[in-house]
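K.L.:
any chance you can model this:
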Amino acid sequence: MSLIRPELAARLGRWSEALSALFIVLVGLWLLSYGGYVLAPLGFLILTLGGLWALVAIRRLAFLRPVAAPGMVEVDEGQVGYLGPNFGGYLALADLAEIRLTSFQGALHWRLRAATGEVLTIPVEAQGAERLHDAFATLPGLDMAALSAALARGVETLPLWRRPQSHL
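P.N.:
Presented below is the predicted three-dimensional model:
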């Protein structure tokens, strides 16, 4: 028997990473409040790391969506894959040239285009789509804040990212 209602537990589960980062921030503030030559710098370091972790966790929340689309996303050894009932495939992150959000049959999809012209579309509500956050974060020059904001707005976009010419 659980002491927390299931819907509250589900909501807290969604925020668990951000809440953990907030706890680390509070530990940093607590150590910082003691001052001194050891605890103040240690507290400041922990506060900074917790704050950065909280920023990433909050941006990652845009990628956490209920599974409402068929298929599943795989991210493995530098490549992104989507295994769907009607379409799918794999693209290496090193070959990725462009990312944008598109609408297909009334649902948002990531549209990934390789330098060779291959295109892979991935529903944003597919199982495992939250893994794309960490995969996209490795791309050179990608603005994760802009990517998360576009996903939160939920509208089609111009390219959110294009590989810089020096990396092609």
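K.L.:
tell me the helix or strand right after the longest helix along the chain.
P.N.:
Across the chain, the longest stretch assigned as helix under DSSP state H is helix 39-61. Along the chain past helix 39-61, the next helix or strand (assigned with DSSP states H and E) turns out to be strand 72-76.
K.L.:
list the buried residues in that next one.
P.N.:
Within strand 72-76, the residues that qualify as buried are 72, 73, 75, counting by 16 or more other Cβ atoms under 10 Å. The C-beta positions use only the backbone N, C-alpha and C, and glycine is treated the same way.
K.L.:
for residue 153, state which of those is nearest.
P.N.:
For the buried residues of strand 72-76, the closest approach to residue 153 (Cβ to Cβ) belongs to residue 73, at 21.0 Å.
K.L.:
contacting residues for the closest residue to that closest one other than its chain neighbours?
P.N.:
In this structure, residue 73 finds its nearest non-sequential neighbour in residue 128, 3.9 Å apart by Cβ to Cβ, 6 or more residues apart in numbering. By Cβ atoms under 8 Å, 6 or more residues apart in numbering, the contact list for residue 128 reads 72, 73, 74, 75.
K.L.:
nearest to residue 42, of these?
P.N.:
Set against residue 42, the nearest of the contacts of residue 128 by Cβ to Cβ is residue 75 (34.6 Å).
K.L.:
for the closest one, what are its contacts?
P.N.:
By Cβ under 8 Å, 6+ apart, the contact list for residue 75 reads 81, 128, 131, 132, 134, 135.
K.L.:
top of the residues you listed by number of neighbours, please.
P.N.:
Within the contacts of residue 75, residue 132 tops the neighbour count with 22 neighbours, counted by other Cβ atoms under 10 Å.
K.L.:
three-state assignment of that residue?
P.N.:
Here residue 132 is helix, with the state taken from DSSP: H, G, I helix; E, B strand; the rest coil.
K.L.:
that one contacts residue 122, doesn't it?
P.N.:
Yes: with contact defined as Cβ atoms under 8 Å, residue 132 reaches residue 122; the gap is 7.2 Å.
K.L.:
which neighbours do those two have in common?
P.N.:
Shared contacts of residue 132 and residue 122 (Cβ under 8 Å, 6+ apart): 73, 80, 110.
K.L.:
from the residues you listed, pick the one nearest residue 140.
P.N.:
residue 80 (15.9 Å).
K.L.:
mind listing what the host helix or strand of the closest one pairs with, with the direction of each?
P.N.:
Using DSSP H and E, residue 80 falls within strand 79-83. Using DSSP bridges, the strands paired with strand 79-83 in its sheet are strand 72-76 (antiparallel), strand 88-92 (antiparallel).
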